[in-house]
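Asks: No letters, just coordinates:
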């Protein structure tokens, strides 16, 4: 199981956001997604993996260029 979790995250090292402060990807509920974050995500080679990771793991914040809330749904 632990091996599978590590495998699921290998793509993260290839993400454009790797090394960018994470708080940029977790805006307050009433804030829009930062345009810089949108550009970072839209030009990322692992955008799809990021998006699906968020769905599978019930993540919150901006993943794959989409904002996820606590109810496992995304909004733009």
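Replies: Nice, I can see it. All figures in this text were calculated on a predicted structure; none of them were measured in a lab.
Asks: low-confidence ranges in this protein?
Replies: 1-7, 70-76 (pLDDT under 70).
Asks: would you list every one of the strands in it?
Replies: 61-63, 66-68, 74-75 (DSSP state E).
Asks: So for residue 39, which of the ones you listed sits nearest?
Replies: Nearest of these to residue 39, taken as Cβ to Cβ: strand 61-63 at 11.9 Å. For glycine as for every other residue, the C-beta is placed from the backbone atoms N, C-alpha and C.
Asks: picking that back up, may I see the strands of the chain organised as CSV, with mean neighbour count and distance to residue 18 added?
Replies: Formatted as CSV, the strands of the chain follow (neighbours: other Cβ atoms under 10 Å; distance: least, Cβ to Cβ, whole Å):
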stretch, mean neighbour count, distance to residue 18
strand 61-63, 21, 14
strand 66-68, 20, 18
strand 74-75, 12, 21
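Asks: Make CSV from those strands and add distance to residue 28 to it.
Replies: Output for those, formatted as CSV (distance: least, Cβ to Cβ, whole Å):
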stretch, distance to residue 28
strand 61-63, 11
strand 66-68, 11
strand 74-75, 14
